[in-house]
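Visitor: With the sequence up front, the predicted model follows.
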Amino acid sequence: MQLKPHRFWKACPVVAAGLAACWTSGAHLSWPIGAAAATARVSSLLLSRAKFLTKTTGWSEFSITTAEYHWISPDEVLYFRNGTDGTDIERLNVRTHVRSPMTGLTRAFNEQRAYIAGVSVSPDYRRLLWASERDKKPTYVTALLDGTRRTEWTRKKVGRHSVLDPYAWSTATWTSGGKEVAECWLEPGAAGPADPFAHIVLRGVDGNSAPRTLAHFRWRKTMFAPMPDDLDSATLFAEDHSIQLQNRATDDVVRYIVKLGAGKPSVSHQTIHLPKYANFANLILSPKADRIAWELGSPYDPTSRGMSDSHGELRPQRVPLGIWISRPDGSGLHELGHLPIDRKNAMTQHQEFGQIKWTPDGRSLSFIYQRKLYRIPVD
């Protein structure tokens, strides 16, 4: 499962760069992860260790040249194609290479205008969640993978600005092991946007239970609303992931953990120190929440912080573009593998690499590079 809020995620990288001193509405703890945790890189080319699964040519792409796909079983991925009447949804068995149309789900997905961005599969791999639009009103929809047992509700609109404005629209994610969807948004407080409140509502996917408020509490000005864990709705996460890669002035990543209880929410934070010039791009929590996969590095240094040595000469210092692994608190950080540095095609390499996902068993990662799907063991 991917951490919040970018599981809708990776969808709204717009929060202003930098985080002020931590605010809490309850107990506040901070434990920096020492620089020593970022252990020396093991020289390993990613593609030499990864297994090629299939070409993704013809799969629908939302983020430049990396196709949208989702694991729905240990051997199957769900993906999208542009069809004659909308978007076709298909499944591929990566072991047998058998492809099958998902006719019922395709029909449900195309009943109204729908978007492949932000689609997510439930933690039990039984349902799909997506954003759509009915009569020009944005909605959220869930359905079983055969397209039946649909639920739909109007998406919350708070702001009046761009869809990229964190105050404009709610985000949604699975929780309670796939039995509920959490819809989260920020509401300006009495002092306006400078004093926001996080509001989180849970909705059952059985269609029989009324939505219920999970939490409503004062939150930070510069962040999206924290979002519940896939399995435990009483644990919320947020992080400064939304800071633009090109604007990062630090290699630190701050994770916020909110614990809900009978009293005020307890908020703590972890400061994770990444390798120097890591150029943090993304992080993905494993299905068992015991490890984090990090997309780090760059064929170039967009911040220009490492572009000169002590003599003022331009000698780039950089972490190669690749995948790193750590424990949930950031400790034990080590490189799983990286792509070869390609200064000539640096931007193209960035565009062609991504969609890092944990496999359902949590023992491997998959990723796309140059329109090919790979899997690499983590254990």
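Guide: Yes, it's here.
Visitor: Roughly how far does the residue nearest to Gly58 when sequence neighbours are not counted sit from Ile89?
Guide: Nearest residue to Gly58 in three dimensions, chain neighbours excluded: Arg81, at 6.1 Å (Cβ to Cβ, 6 or more residues apart in numbering). To be clear about C-beta, it is placed using only N, CA and C from the backbone, and glycine gets the same treatment. Distance, Arg81 to Ile89, by Cβ to Cβ, to the nearest Å: 8 Å.
Visitor: isn't Met102 right up against Leu145?
Guide: Yes. Between Met102 and Leu145 there is a contact at 6.7 Å, judged by Cβ atoms under 8 Å.
Visitor: any common contacting residues for these two?
Guide: Shared contacts of Met102 and Leu145 (Cβ atoms under 8 Å, 6 or more residues apart in numbering): Leu78.
Visitor: Assign Ile347 to helix, strand or coil.
Guide: You called it Ile, but residue 347 is Met. helix (DSSP: H, G, I helix; E, B strand; the rest coil).
Visitor: neighbours around it, how many?
Guide: Applying other Cβ atoms under 10 Å, we find 12 residues neighbouring Met347.
Visitor: Quick check: it vs Lys55, distance?
Guide: Relative to Lys55, Met347 is positioned 22 Å away (Cβ to Cβ).
Visitor: Next, the contact list for Ser233, please.
Guide: When contacts are counted by Cβ under 8 Å, 6+ apart, Ser233 touches 175-176, 180, 182, 202, 214, 260.
Visitor: Which of the residues you listed sits closest to Ser132?
Guide: Ser132 has its nearest neighbour among the contacts of Ser233 in Ala182, at 18.1 Å by Cβ to Cβ.
Visitor: same for the stretch of helix or strand that closest one belongs to, what does it pack against?
Guide: Assigned by DSSP states H and E, Ala182 belongs to strand 180-189. Contact partners of strand 180-189 among helices and strands, from 3 or more Cβ pairs under 8 Å, 6 or more residues apart in numbering; DSSP states H and E: strand 137-144, strand 171-175, strand 192-204, strand 227-228.
Visitor: how about low-confidence regions in the stretch 51-200 of the chain?
Guide: In the predicted model, the stretch 51-200 of the chain carries pLDDT under 70 at residues 63-64, 159-167.
Visitor: any chance you could map the strands in it?
Guide: Taking DSSP state E, counting those that start in this stretch, the strands of the stretch 51-200 of the chain run over residues 51-55, 61-63, 66-67, 69-73, 76-83, 86-93, 99-101, 113-121, 127-134, 137-144, 151-154, 171-175, 180-189, 192-204.
Visitor: Determine which stretch of these is the most buried.
Guide: Mean neighbour count (mean count of other Cβ atoms under 10 Å) peaks for strand 171-175 among the strands of the stretch 51-200 of the chain, with a mean of 27.
Visitor: for that one, packing partners?
Guide: strand 127-134, strand 180-189, strand 227-228.
Visitor: export it as PDB, just CAs?
Guide: Output of strand 171-175 as PDB, limited to C-alpha atoms (Å, rounded to 0.1, in the frame of the first residue of the first chain):
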ATOM      1  CA  THR A 171      -9.200  12.500  -1.500                       C
ATOM      2  CA  ALA A 172     -10.100   8.900  -0.800                       C
ATOM      3  CA  THR A 173      -8.400   5.800   0.200                       C
ATOM      4  CA  TRP A 174      -9.100   2.200   1.300                       C
ATOM      5  CA  THR A 175      -9.000   1.300   5.000                       C
END
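Visitor: partner strands of that strand, parallel or antiparallel?
Guide: strand 180-189 (antiparallel) (DSSP bridges).
Visitor: residues contacting the nearest residue to Lys288 once chain neighbours are set aside?
Guide: For Lys288, ignoring the flanking residues on the chain, the nearest one in space by Cβ to Cβ, 6+ apart is Gly362 at 5.1 Å. Gly362 makes contact with 286-288, 290-291, according to Cβ under 8 Å, 6+ apart.
Visitor: Closest to Ala131 out of those?
Guide: Within the contacts of Gly362, the smallest distance to Ala131 is 23.2 Å, found for Pro287 (Cβ to Cβ).
Visitor: Now do the closest one: how many residues are near it, please.
Guide: 18.
Visitor: Which secondary structure state does it sit in?
Guide: Per three-state DSSP, Pro287 ends up coil.
Visitor: so who does it touch?
Guide: When contacts are counted by Cβ under 8 Å, 6+ apart, Pro287 touches 1, 123, 230, 358, 360-362.
Visitor: By neighbour count, which of the residues you listed wins?
Guide: Busiest of these [other Cβ under 10 Å] is Asp230, holding 27 neighbours.
Visitor: Local confidence estimate at that residue?
Guide: Asp230 carries a pLDDT score of 87 in this model.
Visitor: I figured it hits Val121, correct?
Guide: No. If you go by Cβ under 8 Å, Asp230 and Val121 don't touch, sitting 10.5 Å apart.
Visitor: Correct me if wrong: Asp251 contacts Leu274.
Guide: Yes. Look at Asp251 against Leu274 with Cβ under 8 Å: they come within range, at 4.5 Å.
Visitor: Overlap in contacts, those two.
Guide: Phe280.
Visitor: Just want to know which of these two has more residues nearby.
Guide: Taking other Cβ under 10 Å, Asp251 and Leu274 do not tie; Leu274 has more neighbours (26 against 20).
Visitor: residue contacts, that one?
Guide: Neighbour list for Leu274: 38, 251-253, 280, 294, 296, 333 [criterion: Cβ under 8 Å, 6+ apart].
Visitor: now, which of those residues lie within strands?
Guide: Among the contacts of Leu274, the ones falling in strands (DSSP state E) are 252-253, 294, 296.
Visitor: Out of those residues, which comes closest to Arg107?
Guide: Of all the ones in strands among the contacts of Leu274, Arg107 sits closest to Trp294, with 38.1 Å by Cβ to Cβ.
Visitor: related to what we said a few turns ago, format the contacts of Leu274 as a markdown table; extra columns: pLDDT.
Guide: A markdown table is the format used below for the contacts of Leu274 (pLDDT from 0 to 100):
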| residue | pLDDT |
| --- | --- |
| Ala38 | 41 |
| Asp251 | 71 |
| Asp252 | 77 |
| Val253 | 81 |
| Phe280 | 80 |
| Trp294 | 93 |
| Leu296 | 88 |
| Leu333 | 92 |
